[in-house]
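In: attaching a predicted model along with its sequence, questions to come.
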Amino acid sequence: VIFTQFQHSDESALPPNTLRKALAETFKDQQRFQLGCMDDAAECFENILTRIHFHVAHTVKEDMCDAKHCLAHQKFAMTLIEQCECSCGATSEPLPFTQMVHYVSATALW
């Protein structure tokens, strides 16, 4: 229903009711994103992308997905490389990983 609305609607924004109901049903067992309850929007977005990946590229592990048909990874995922540096100048081995959403502290943006 949601994708049909996106495909055929002439509206610039769609009503959120269908998405809210789908999220509530999908995460009912976890008691997350339930109707009338407040949950984190970024977590919701990340869960939507993860579910899209699961449905279109479920045979490919999420953290290693390079499937050309996986919209979630092709358009939203990023590969990050984490590396620690000591005050003495020594560095750790680079640790690459893929994320759909990257959380950054507001103070780190200054």
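Out: Looks like it arrived, so ask away. Residues are numbered from 1 along each chain as shown.
In: if I pick Tyr103, what's in contact with it?
Out: Tyr103 sits next to Ala42 when contact means Cβ atoms under 8 Å, 6 or more residues apart in numbering. Quick note: C-beta positions are derived from backbone N, CA and C, even for glycine.
In: swap the cut-off to 7 Å and go again
Out: Listed by Cβ atoms under 7 Å, 6 or more residues apart in numbering, Tyr103 has no contact partners.
In: roughly how far does it sit from Glu43?
Out: Applying Cβ to Cβ, to the nearest Å, the value for Tyr103 to Glu43 is 10 Å.
In: ok, now Ser87?
Out: Per Cβ to Cβ, Ser87 is found 35 Å from Glu43.
In: the more surrounded of those two?
Out: Legend: neighbour count by other Cβ atoms under 10 Å for Ser87 and Glu43, higher for Glu43 (13 against 5).
In: okay, now the unreliable bits of the protein?
Out: Residue ranges of the chain with pLDDT under 70: 38.
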